[in-house]
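J.: sequence first, then the predicted structure:
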Amino acid sequence: MNEIAQQVRAARTDLGWPQGLLAARAGVSRPSVARLEAGEDVSTDTLSKISEVLGLKLTLAEVQPDEDQ
């Protein structure tokens with residue numbers, strides 16, 4: 001599971017919310033929440049909505065190229 005998935009799941013469970021409640025509050029589907037928590041791809045819009053409801057801050061970081069490339 002990736003770091004974003006872990007943080008979203010931790011924030012949701014800390015609030016005591018089931019996935020369906022988070023989905024309803026964020027205006028996304030419950031399967032979208034499940035996909036995100038499983039580390040699967042979701043749209044940036046979905047990620048933004050879920051993060052906002054959970055009070056998580058999204059930040060972009062510059063990706064450094066691999067030294068092999």
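T.: That came through fine.
J.: what helices or strands is the biggest helix by length in the chain leaning on?
T.: Scanning the chain for the helix with the most residues, using DSSP state H, yields helix 3-15. Where contact means 3 or more C-beta pairs under 8 Å, 6 or more residues apart in numbering; DSSP states H and E, helix 3-15 is packed against helix 30-37, helix 44-54. Backbone N, C-alpha and C define where each C-beta goes, glycine included.
J.: ok now it, how far from the chain's centre?
T.: Taking C-alpha atoms, centre = their mean, to the nearest Å, one finds helix 3-15 lying 8 Å from the centre of the chain it belongs to.
J.: check which element follows that helix along the chain.
T.: Using DSSP states H and E, the next helix or strand after helix 3-15 towards the C-terminus is helix 19-26.
J.: just to revisit the earlier point, buried sites along the longest helix of the chain?
T.: Within helix 3-15, the residues that qualify as buried by neighbour count (16 or more other C-beta atoms under 10 Å) are 4-5, 8-9, 11-12.
J.: can you check what angle separates it from helix 30-37?
T.: If you take axes from the mean of the first three to the mean of the last three C-alpha atoms, to 10 degrees, helix 3-15 sits at 120 degrees to helix 30-37.
J.: and the contacts of helix 3-15?
T.: Contacting residues not belonging to helix 3-15 are listed as 1, 19, 22, 33, 36-39, 47, 50-51, 54-56 [C-beta atoms under 8 Å, 6 or more residues apart in numbering].
J.: and the residues you listed, which of them are buried?
T.: Neighbour-count burial (16+ other C-beta under 10 Å) is assigned, among those, to 19, 22, 33, 36-37, 47, 50-51, 54.
J.: tell me the one of these nearest Val63?
T.: Leu47 (17.1 Å; C-beta to C-beta).
J.: tell me where the model's unsure across this structure.
T.: Low-confidence segments of the chain (pLDDT under 70): 1, 68-69.
J.: just give me the neighbour total for Ala26.
T.: When neighbours are counted by other C-beta atoms under 10 Å, Ala26 registers 19.
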